[in-house]
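Asker: one predicted model, sequence on top.
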Amino acid sequence: MKDSERCKSMTAQHDGAFLDYSRQCATKATMNMLFDLAKAAKLQEKLAQMGGGAKLNTTEDRAVLHVALRAPKTSKIMVDGNDVVKDVHAVLDRVKKFTAEIRSGARLGASGKRLTNVVAIGIGGSYLGPEFVYEALRTDSAASKHAKGRVLRFLANVDPVDVARALDDLDPESTLVVVVSKSFTTAETMLNARTVRSWLLSHYKGIQKRDAPGTSDVSPSESDVVSRHVIALSANVPLACKFGVSAENVFGFWDWVGGRYSVCSVVGMMPLSLQYGFDTMAKFLEGAHSVDKHVFSAPVERNIPVLLGLLGVWNSSFLGHKARALLPYAQALLRFPAHIQQVDMESNGKRVTLDGTPLPFSAGEIDFGEPGTNGQHSFYQLIHQGTVVPCDFIGFCKSQQPIELAGEAVSNHDELMSNFFAQPDALACGKTIAELAAEGVPANLRPHKSFPGNRPSSSLLFERLDAYTAGQLLSIYEHRTAVQGFIWGINSFDQWGVQLGKVLAKKVRRALSSSSSSPSSSSSSSDAFNPSTSAMLAMYKKMRG
């Protein structure tokens with residue numbers, strides 16, 4: 001860290017984003033070897049194939065084209081002879097028109113009220129990405145002025161408590177429900193959708209239409225309520241229509257959009273445009289596209305996502321660090337670590353190569369994080385003096401909500417950023433026994449107050465957090481994940497690991513259903529499980545009553 005040339009060489013910039021990785025446990029020679037590794041792994045060729053529509057998701061025979069979701073209309077990306085960019089913008093045009101009609105009051109609920117509340121029902125990538133962006137823009141002055149008088153809530157967990165929280169204090173007559181499920185069969189999402197549909201219909205029972213010319217004495221039918229209050233983001237139009245959604249209110253996306261990469265699709269664009277307006281979210285797409293261009297064109301030595309990906313491989317596969325902390329010094333990014341946790345761990349938590357050969361090393365890290373300075377009073381003790389955890393610090397030069405109090409030495413934001421700058425240095429440099437002795441610390445306390453240092457971190461700095469930089473940040477971390485997968489030679493775009501538990505849950509669901517309908521059958525249904533699960537199920541049924 002005392003070598004100014006080294007520190008200067010370990011930085012990269014693009015479109016207002018500044019990366020400093022000089023606090024990584026790496027030298028110039030290390031980086032050159034990592035660049036050689038990228039070349040040997042044909043990283044740039046694989047990135048180009050991804051951007052060109054090649055079917056890199058080999059286990060599902062699918063292209064990987066979340067970059068197409070934010071490509072401008074002038075672009076062209078062909079998949080199976082079809083220009084997918086043209087398809088993307090056809091859906092975006094529909095989203096723009098629909099959200100403008102809802103926001104302006106041109107489309108109303110079944111009783112004639114404006115639809116100012118939105119409940120987005122989805123799980124995994126259908127929820128985490130949109131929620132991260134929603135929270136990121138809630139306190140941005142430019143975005144929040146467009147959200148005045150509107151409410152957006154997310155319903156993901158099948159736990160009925162989540163239903164209660166999502167619907168608390170909402171007027172059903174002013175509520176639009178957005179059901180997000182590509183197949184329209186996701187168990188948790190569809191049960192929640194049926195629950196909220198029941199909530200709507202129960203309210204409308206006996207409620208007469210108001211303010212609708214010529215229909216003041218006519219109660220809205222169930223089909224009218226659902227068609228006016230529920231839309232679907234799905235590729236399965238027949239099932240959505242069977243649920244009661246009008247065909248014109250089904251907005252599709254494609255099999256080349258992985259759930260955790262779908263926030264730039266209608267999955268995120270619909271609920272977020274309803275909240276903040278389409279023009280705000282168009283800036284989000286522009287920010288993401290800016291980084292897409294960067295990752296495909298910048299040399300590896302100055303390529304921010306590539307550098308972060310290579311350092312991730314260095315820290316995990318070579319240095320043996322199995323976890324990574326994502327530490328945004330911005331409260332508005334409180335849900336960003338959770339989203340990237342899914343993007344990264346669902347992508348790279350793999351044990352075999354593309355051809356099915358077991359990996360001779362472990363891939364994927366345990367990702368976690370909290371906003372600074374909250375995390376400092378939680379888990380920073382461990383990363384300073386316990387297990388080594390490489391860290392990514394994310395900061396902004398300007399606050400979304402600046403405060404300056406008379407008599408205070410610094411503004412609230414400068415106090416926050418003082419920690420952003422101090423923590424990486426504390427991790428890197430530590431505190432020696434000799435330094436403690438010079439400060440007069442008693443000998444018996446010196447081992448407890450010493451810090452080993454050499455704890456790696458990278459720092460990303462932006463001017464301010466807004467829709468554009470939120471898009472940049474998303475794209476940087478999506479591509480970082482892809483880079484690491486390409487280096488490891490794994491498929492970062494399937495997720496078979498989530499399937500087994502779902503299959504077993506169906507078996508349990510059948511047992512619980514049969515015991516509810518016929519108590520006498522409960523013992524035979526429990527026999528299908530191992531003794532431990534059978535005993536736990538029996539206890540559950542007994543205590544449930």
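Answerer: On my side now, so go ahead.
Asker: how many neighbours does the closest residue to Val266 other than its chain neighbours have?
Answerer: Excluding the flanking residues, the one nearest Val266 by Cβ to Cβ, 6 or more residues apart in numbering is Phe251, at 4.6 Å. All C-beta atoms are positioned from the backbone trio N, CA, C, and that covers glycine. Neighbour count for Phe251, taken as other Cβ atoms under 10 Å: 24.
Asker: chain center to the helix or strand containing Ala511, what's the gap?
Answerer: Secondary structure from DSSP states H and E places Ala511 in helix 499-517. Centroid separation between helix 499-517 and its chain, computed with Cα atoms, centre = their mean, to the nearest Å, is 29 Å.
Asker: stretch 425-432: which residues count as buried?
Answerer: Residues of stretch 425-432 classed as buried: 426-431 (neighbour count, 16 or more other Cβ atoms under 10 Å).
Asker: low-scoring stretches of the stretch 1-150 of the chain, by residue?
Answerer: Regions of the stretch 1-150 of the chain meeting the criterion pLDDT under 70 are absent.
Asker: tell me where it has strands.
Answerer: Listed in chain order, the strands found in the stretch 1-150 of the chain under DSSP state E, counting those that start in this stretch are 11-14, 17-20, 78-79, 82-83, 117-121.
Asker: elements contacting the fourth one?
Answerer: In other words, strand 82-83. Here strand 82-83 touches no other helix or strand, going by 3 or more Cβ pairs under 8 Å, 6 or more residues apart in numbering; DSSP states H and E.
Asker: chain center to it: distance?
Answerer: With Cα atoms, centre = their mean, you get 28 Å for strand 82-83.
Asker: can you check the second one too?
Answerer: Distance of strand 17-20 from the chain centroid (Cα atoms, centre = their mean) equals 21 Å.
Asker: which elements pack onto that strand?
Answerer: When contacts are defined as 3+ Cβ pairs under 8 Å, 6+ apart, strand 17-20 sits against strand 11-14, helix 304-313, strand 457-464, helix 467-488.
Asker: any weak-confidence spans in the stretch 351-500 of the chain?
Answerer: Judged by pLDDT under 70, the stretch 351-500 of the chain has no weakly predicted residues.
Asker: how about 90 then?
Answerer: 362, 498-500 (pLDDT under 90).
Asker: picking up where we left off before, and the strands of the stretch 1-150 of the chain as CSV, adding distance to Glu415 and mean neighbour count?
Answerer: Shown next, in CSV, are the strands of the stretch 1-150 of the chain (distance: least, Cβ to Cβ, whole Å; neighbours: other Cβ atoms under 10 Å):
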stretch, distance to Glu415, mean neighbour count
strand 11-14, 25, 16
strand 17-20, 21, 19
strand 78-79, 50, 16
strand 82-83, 51, 14
strand 117-121, 35, 26
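Asker: TSV for those, including distance to Ile490?
Answerer: Shown next, in TSV, are these (distance: least, Cβ to Cβ, whole Å):
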stretch	distance to Ile490
strand 11-14	25
strand 17-20	25
strand 78-79	22
strand 82-83	28
strand 117-121	31
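Asker: His413 is nearest to which of these?
Answerer: Set against His413 and scored by Cβ to Cβ, the strands of the stretch 1-150 of the chain come closest in strand 17-20, at 17.3 Å.
Asker: quick one: contacts of that closest one?
Answerer: Identification of contacts with strand 17-20 by Cβ atoms under 8 Å, 6 or more residues apart in numbering yields 7, 10-13, 291, 304, 307-308, 458-462, 469, 472, 476.
Asker: nearest to Ala482, of the buried residues of stretch 425-432?
Answerer: Leu427 (27.0 Å).
Asker: about what we covered before: any quick PyMOL command for the buried ones out of the contacts of strand 17-20?
Answerer: Typed into PyMOL, the line below selects the buried ones among those, using 16+ other Cβ under 10 Å:
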select buried, resi 10+12+291+304+307+308+458+459+460+461+462+469+472+476
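Asker: outline the domain layout of the protein.
Answerer: 12-41+298-401+455-494, 67-209+217-279, 503-544 (automatic domain parsing).
Asker: where's Val161, which helix or strand?
Answerer: helix 160-167.
Asker: mind listing what's buried in that helix?
Answerer: For helix 160-167, by 16+ other Cβ under 10 Å, it's 162-163, 166-167.
Asker: now the spatially most central residue of the chain: which helix or strand?
Answerer: With distances taken as Cα atoms, centre = their mean, His339 lies nearest the centre of the chain, 2.7 Å away. Counting by DSSP H and E, the element that carries His339 is helix 336-348.
Asker: quick one: average pLDDT of that helix?
Answerer: Across helix 336-348, the average pLDDT comes to 98.
Asker: ok, and what's touching that helix?
Answerer: 124-125, 128-129, 131-132, 136, 260-261, 263, 326, 328, 363-370, 394, 473, 477-478, 480-482, 484-485, 488, 490, 492-493, 495, 497-498.
Asker: now the angle from it to helix 467-488?
Answerer: For helix 336-348 against helix 467-488, the angle by axes from the mean of the first three to the mean of the last three Cα atoms, to 10 degrees is 30 degrees.
Asker: mind listing what the closest residue to Val483 other than its chain neighbours touches?
Answerer: Spatially, and ignoring its direct neighbours in sequence, Val483 is nearest to Gly309 (2.8 Å; Cβ to Cβ, 6+ apart). For Gly309, the contact set (Cβ under 8 Å, 6+ apart) comprises 479-484, 487.
Asker: go through the buried residues of stretch 425-432 and flag which are in helices.
Answerer: Judged by DSSP state H, helices contain the following of these: 426-429.
Asker: list just the nearest of those to Arg23.
Answerer: Nearest to Arg23, judged by Cβ to Cβ, of those is Ala428 at 4.3 Å.
Asker: my read: that closest one touches Arg23, true?
Answerer: Yes. Counting by Cβ atoms under 8 Å, Ala428 touches Arg23, with 4.3 Å between them.
Asker: hey, what's in contact with both of the two?
Answerer: Residues touching both Ala428 and Arg23 (Cβ under 8 Å, 6+ apart): 1, 456-457.
Asker: how about the residues you listed in JSON lines, adding distance to Arg197 and neighbour count?
Answerer: Shown next, in JSON lines, are those (distance: Cβ to Cβ, whole Å; neighbours: other Cβ atoms under 10 Å):
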{"residue": "Met1", "distance to Arg197": "59", "neighbour count": "11"}
{"residue": "Pro456", "distance to Arg197": "50", "neighbour count": "22"}
{"residue": "Ser457", "distance to Arg197": "48", "neighbour count": "25"}
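Asker: could I get these as a markdown table with distance to Ala29?
Answerer: Putting the shared contacts of Ala428 and Arg23 into a markdown table (distance: Cβ to Cβ, whole Å) gives the following:
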| residue | distance to Ala29 |
| --- | --- |
| Met1 | 17 |
| Pro456 | 16 |
| Ser457 | 20 |
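Asker: and of the residues you listed, the nearest to Ser411?
Answerer: Ser457 (24.5 Å).
Asker: which residues touch the nearest residue to the closest one once chain neighbours are set aside?
Answerer: Spatial nearest neighbour of Ser457, excluding adjacent residues (Cβ to Cβ, 6+ apart): Cys391 at 4.1 Å. Contacts here follow Cβ under 8 Å, 6+ apart; on that basis Cys391 touches 324-327, 383, 423-424, 427, 455-458.
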